[in-house]
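1. quick one, what's the 3D model for this:
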Amino acid sequence: MSSLLIVTDAWRPQINGVVRSLEKLAEELSALGVRVEFLTPLEFKNIPMPSYPEIRLSVTWPAAVRKRISSFNCSHLHIATEGPLGLMAQRVARQEGLVFTTSYHTRFPEYLNARLPIPLSLSYAWLRRFHNSGSGCMVATQSLENELAQRGFKRMMRWSRGVDHDRFRPDHESVFNGGVEGPIFLNVGRVAIEKNIEAFLQLDLPGTKVVVGDGPQLELLKQKYPDVLFTGAKQGDELAQYYASADVFVFPSLTDTFGNVLLEAISSGTPVAAYPVMGPIDVIGNSGAGVLDDDLQKAALAALEIDRAHCRQVALKYSWRACAEQFYRNALSAQKYAAQLKEMQRLEHS
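-> Next up is the predicted model:
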């Protein structure tokens, strides 16, 4: 694989794990000598998604997408998302006989079900057709692979995640002054219903709860929980400071497939408190870098006793370079699979 085209509906100005993962993937693959190109909603007319204005939805036609894919002339096509742009790219790839992989980042059926009465089985049937149409579907964790396999997804490949150890480190100066009572319990992420943030905000905990992020629930939760410190979205070194300044990172989500924020927290030396579900089970598990419990309050209080240096050591096992190398191997494997399938079909018809 000398060149890669990534088609993604998730892109700037969004701030989320998908966008960060793709950016870091491109950076590391480029360092390995792979030319990486992106096809995003910014290249077409786009409109804001209702209730999520930071998410831009492409308004275009397959012919325009076909032209753009052809112009990049890349040796491998990866369709990262199942949005309008991803769907058109899949259609073009199927029509043109292009080898492509996909990746499953988001438990979209659960997100949709949290807002609308759409059965999970219907959403998963649609997603299964989309991802099974390629030569491989990349998933971040064993838990996700197991769940999707039970739902009929095929040819899954492991693609883990990394963390920037230089940015997310324990020695940042605290962002909190003496007026903020400790201990500090922190959550970072999109402030939306599917993140289950209220499960954190309702906990009876000492000190101060801090929420870093933006999203459709922000104003409602600010009014409902006036004692919580809502900072809005933070990026770069400023975000890293918040991680390092906290005593415990509380992750109440029940729907994430991985949770890049978990790695950012422990890389900053901050232990995690979470439910024992997909994501935390895979990233934290029995590593000792956090506490997983169905009683989130119990987990948060117990996490205060965890050695911060140990959290950092667990995080050092993850790197974006290893993530990129894993992706590269998956792409080569998908190309080989597609070639073998094509040869088998040729023999059957000869």
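
2. is it correct that residue 66 falls within a helix?
-> Yes: judged by DSSP: H, G, I helix; E, B strand; the rest coil, residue 66 forms part of a helix.

3. let me see the confidence value for the closest residue to residue 310 other than its chain neighbours.
-> With CB to CB, 6 or more residues apart in numbering as the criterion, residue 310 has its nearest non-adjacent residue at 5.8 Å, and that residue is residue 288. C-beta here means a position set from N, CA and C on the backbone, and glycine is covered the same way. Model confidence at residue 288, given as pLDDT, is 98.

4. equivalent analysis for residue 73, please.
-> pLDDT at residue 73 comes out at 95.

5. do residue 58 as well
-> 84.

6. tell me the bridge partners for it.
-> Taking DSSP bridges as the rule, residue 58 bridges to residue 46.

7. count of residues packed around it?
-> 23 (other CB atoms under 10 Å).

8. with residue 185 instead?
-> That count, for residue 185 with other CB under 10 Å as the rule, works out to 26.

9. so what strands line up beside whichever strand or helix holds it?
-> Assessed by DSSP states H and E, residue 185 sits inside strand 184-188. Applying DSSP bridges, strand 184-188 is found paired with strand 208-212 (parallel), strand 248-251 (parallel).

10. tell me the domain ranges of the chain?
-> 3-162+320-348, 184-315 (automatic domain parsing).

11. can you tell me which of those is packed in deepest?
-> domain 184-315 (a mean of 20; mean count of other CB atoms under 10 Å).

12. picking that back up, which SS state does the residue nearest to residue 310 fall under?
-> With three-state DSSP as the basis, residue 288 sits in coil.

13. my guess is it meets residue 312, correct?
-> No: counting by CB atoms under 8 Å, residue 288 sits too far from residue 312 to count as a contact (11.9 Å).

14. tell me where this protein has helices.
-> Counting by DSSP state H, one finds helices in the chain at the ranges 17-31, 62-72, 84-96, 108-113, 120-132, 142-150, 197-201, 218-224, 236-245, 260-267, 280-283, 296-303, 308-315, 320-348.

15. and the residue nearest to residue 310, how far is that from residue 199?
-> 23 Å (CB to CB, to the nearest Å).

16. for residue 210, same thing?
-> Taking CB to CB, one finds residue 210 at 16 Å from residue 199.

17. what do you get for residue 184?
-> From residue 184 to residue 199 the distance is 18 Å (CB to CB).

18. for residue 58, same thing?
-> Distance, residue 58 to residue 199, by CB to CB: 34 Å.

19. try residue 181
-> Applying CB to CB, the value for residue 181 to residue 199 is 22 Å.

20. what does residue 29 give?
-> 37 Å.

21. among the domains of the chain, which comes closest to residue 172?
-> Closest to residue 172 of the domains of the chain, according to CB to CB: domain 184-315, at 3.9 Å.

22. which residues touch the nearest residue to residue 234 once chain neighbours are set aside?
-> Excluding the flanking residues, the one nearest residue 234 by CB to CB, 6+ apart is residue 212, at 5.2 Å. Residue 212 is in contact with 186-189, 231-234, 239, 242, counting by CB atoms under 8 Å, 6 or more residues apart in numbering.

23. in TSV, list those residues along with distance to residue 118 and pLDDT.
-> As requested, the contacts of residue 212 are exported to TSV (distance: CB to CB, whole Å; pLDDT from 0 to 100):
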residue	distance to residue 118	pLDDT
186	33	98
187	27	98
188	29	98
189	23	95
231	33	97
232	31	96
233	29	95
234	33	96
239	34	97
242	35	98
